[in-house]
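1. Got a predicted structure here, sequence first:
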Number of protein chains: 2
Amino acid sequence: MTATTDQAAALRIASGRKAFVEPLRLGERLKEIRLANHWTLDDVSQRTGLARSTLSKIENDQISPTFSAVQKLITGLNIDLPQLLSPPKTQQRTLGRRDLTRVGEGQLHPTPTYEHELLSWQLAQKRMIPFKTIVRARHFEEFHEWVRHDGEEFLIVLDGEILLYTEFYEPLRLERGDSIYFDSDMGHALISVSDEDAVVLSVCTRGDAV
Amino acid sequence: MTATTDQAAALRIASGRKAFVEPLRLGERLKEIRLANHWTLDDVSQRTGLARSTLSKIENDQISPTFSAVQKLITGLNIDLPQLLSPPKTQQRTLGRRDLTRVGEGQLHPTPTYEHELLSWQLAQKRMIPFKTIVRARHFEEFHEWVRHDGEEFLIVLDGEILLYTEFYEPLRLERGDSIYFDSDMGHALISVSDEDAVVLSVCTRGDAV
DNA sequence: AGGGCGGGTTCACTATAGGAAAAAACTTTC
DNA sequence: GAAAGTTTTTTCCTATAGTGAACCCGCCCT
């Protein structure tokens, strides 16, 4: 175990954040790729411009490569990041997982405009991301750029009343119980228009990239 | 710039490979994200555990962060790599579809045990299927076999109180606001236990080959 | 055995990333 | 418009990533 890992762990503990980031065995993965192509460390060194010794250390998790080193790897080996990061993706039939979140016990992610409560956050590797949001924003101007992310989003108003701004449509007023489904790479933003801050439930699809 | 870079460049020329290494203004992108969220360097420092000074240098392209630093960024800021790497890349596949369903205007599918109201039913080709369900069943025996379907399901109780039976776990009592995420090929069934019939909102992934 | 040889790890050193605090640039306040 | 406060950049130092060379294998040789 490297000092880097300990340090990261300590930091997470110190800041109270949950460690729901997967191990991410980058070195291991690199070695897999290298061996799969019947390359020696020297070959990879030639292709990437990184020293043999450096590559060895990366493979054995003795150092955390700088980002520029990672770039040299992906360009030199002609692979892309997801390929380097994600394990061989043994799509084994994960059967019977479940993740319960009692009311109010989601993971909070406050921002100036929204107050997100991530639900089912303990389960990694899921295809949907559900979260409850208190919409603090009151004016469209509070957003400095469109919110936008790959995939699709479903949204239903649990409480209050909102105005949904989208890139290609007129703003839409949604009341309690109204719901909408949209492509979330279209810019979007919500503001509350009821007396109290509105609460919405959203479910996003998770992009397949890392 | 550095000897390393020159060396790599020389190697690429020597081997006839295209440079093709995109600029990848990681620092610039980070700053965009930070400002878009109204975060100061200090805020980001708190969230990620990286020093203010380090963040400043990354934003100004004065250093190339180690991969562990990048990891801290993505976990701390709750973003993913593509988001951090790809510039606002004029998305080409922005479709911008949307489908509004006003409260009570979903498509009804009554069964003896459940009364489903399909939401966003006008939009075909979507990755999630959202629906509201009034749980009429009162006893587990009313189900003659497990409900089961490919993919994953997210469920949140909107009203009343239910008991969730699943194939591999003890029955689980869920009250208003509680939510759960599970693999839906595991058999499952709901019954109402509150005075009035409970109402739940579900979102299923749509099975599709990848 | 001993001697090359291809492939990987370790070592000693240099370059650079990361951290703490001071300095500089900007804002706000009175 | 100076003082006080806030945010970012610079500076200086330490920790660590990256390098070339030495070293350590197991594997042919003849």
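-> Cool, got the structure. Numbering: from 1, shown residues only, chains lettered A, B, ... in the order given.

2. and A:D42, how many neighbours does it have?
-> The tally of other residues near A:D42 (other CB atoms under 10 Å in any protein chain shown) stands at 10. The way it works is simple: take the backbone N, C-alpha and C, and place the C-beta from them, glycine included.

3. what's the spacing between it and B:P130?
-> 54 Å (CB to CB, to the nearest Å).

4. Which parts of chain A are helices?
-> Remark: helices assigned in chain A by DSSP state H are A:3-15, A:26-36, A:41-48, A:52-59, A:67-76, A:81-85.

5. and the nearest residue to A:A69 once chain neighbours are set aside, how many neighbours?
-> Computed as CB to CB, 6 or more residues apart in numbering or on different chains, the closest residue to A:A69 that is not its neighbour in sequence is A:L50, at 6.1 Å. Neighbours of A:L50 under the rule other CB under 10 Å: 22.

6. Contact partners for A:L50?
-> With contact taken as CB atoms under 8 Å, 6 or more residues apart in numbering or on different chains, A:L50 is in contact with A:44, A:69, A:72-73, A:76.

7. Equivalent analysis for A:P171, please.
-> The neighbours of A:P171, taking CB under 8 Å, 6+ apart as the test, are A:140, A:163-165.

8. again, only this time at 6 Å
-> Counting by CB atoms under 6 Å, 6 or more residues apart in numbering or on different chains, A:P171 touches A:163, A:165.

9. Which residue ranges make up each domain of chain A?
-> A:23-85, A:107-205 (the TED database).

10. Pick the most deeply packed of those domains.
-> Mean neighbours per residue, mean count of other CB atoms under 10 Å in any protein chain shown, is largest over these for domain A:107-205, with a mean of 18.

11. Next up, the contacts around A:I58.
-> Contact analysis of A:I58 by CB under 6 Å, 6+ apart lists A:27, A:65.

12. Strands of chain A, residue ranges please.
-> For chain A, the strands defined by DSSP state E cover A:98-101, A:107-110, A:114-118, A:128-135, A:152-159, A:161-166, A:169-175, A:179-183, A:188-192, A:198-205.

13. List just the one of those that sits closest to A:A36.
-> Closest approach to A:A36 among the strands of chain A is made by strand A:198-205 (30.4 Å; CB to CB).

14. How far does the closest one sit from its chain's centre?
-> Its chain's average C-alpha position is 16 Å from that of strand A:198-205, according to CA atoms, centre = their mean, to the nearest Å.

15. before we move on, back to that, lowest mean pLDDT across the domains of chain A, which one is that?
-> If you rank the domains of chain A by mean pLDDT, domain A:23-85 sits at the bottom with a mean of 85.

16. Looking at the contacts of A:L50, which is nearest A:E175?
-> A:L73 (51.8 Å).

17. ok, and the closest non-adjacent residue to that closest one?
-> Nearest residue to A:L73, sequence neighbours excluded (CB to CB, 6+ apart): A:T48, at 5.6 Å.

18. Next one: the one you found from DNA strand C, what distance?
-> 13 Å (CB to the nearest atom of the strand, to the nearest Å).

19. show me what contacts that residue?
-> A:72-73, A:76.

20. And these, which is closest to B:Y169?
-> B:Y169 lies nearest to A:L73 out of the contacts of A:T48, by CB to CB, at 43.1 Å.

21. how close does the residue in chain A sticking out farthest from the centre get to A:L174?
-> Distance from the centre of chain A peaks at A:D42, with 34.7 Å (CA atoms, centre = their mean). Applying CB to CB, the value for A:D42 to A:L174 is 61 Å.

22. Can you pull out the residues in contact with stretch A:65-80?
-> For stretch A:65-80, the external contacting residues (CB under 6 Å, 6+ apart) are A:47-50, A:58, B:21, B:64-67, B:70.

23. near DNA strand D, from those?
-> Residues of the contacts of stretch A:65-80 in contact with DNA strand D (CB under 7 Å from any atom of the strand): A:49-50, A:58, B:66.

24. Is it possible to get TSV of the residues you listed that adds distance to B:H109?
-> Output for these, formatted as TSV (distance: CB to CB, whole Å):
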residue	distance to B:H109
A:G49	61
A:L50	59
A:I58	54
B:T66	54
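
25. got the contact list for A:V203?
-> A:V203 neighbours (CB under 6 Å, 6+ apart): A:128, A:130, A:154, B:154, B:203.

26. Apply 8 Å and report the result again.
-> If you count contacts by CB under 8 Å, 6+ apart, A:V203 has them with A:128-131, A:153-155, B:128, B:130, B:154, B:203.

27. now A:L119
-> Shown in contact with A:L119 (CB under 8 Å, 6+ apart): A:101, A:106, A:130-132, B:154, B:156, B:179, B:181.

28. ok so, going back, gap between the residue nearest to A:L73 and B:R25?
-> From A:T48 across to B:R25, the span is 22 Å (CB to CB).

29. do A:S68 as well
-> Distance, A:S68 to B:R25, using CB to CB: 13 Å.

30. No further queries at this time; thank you.
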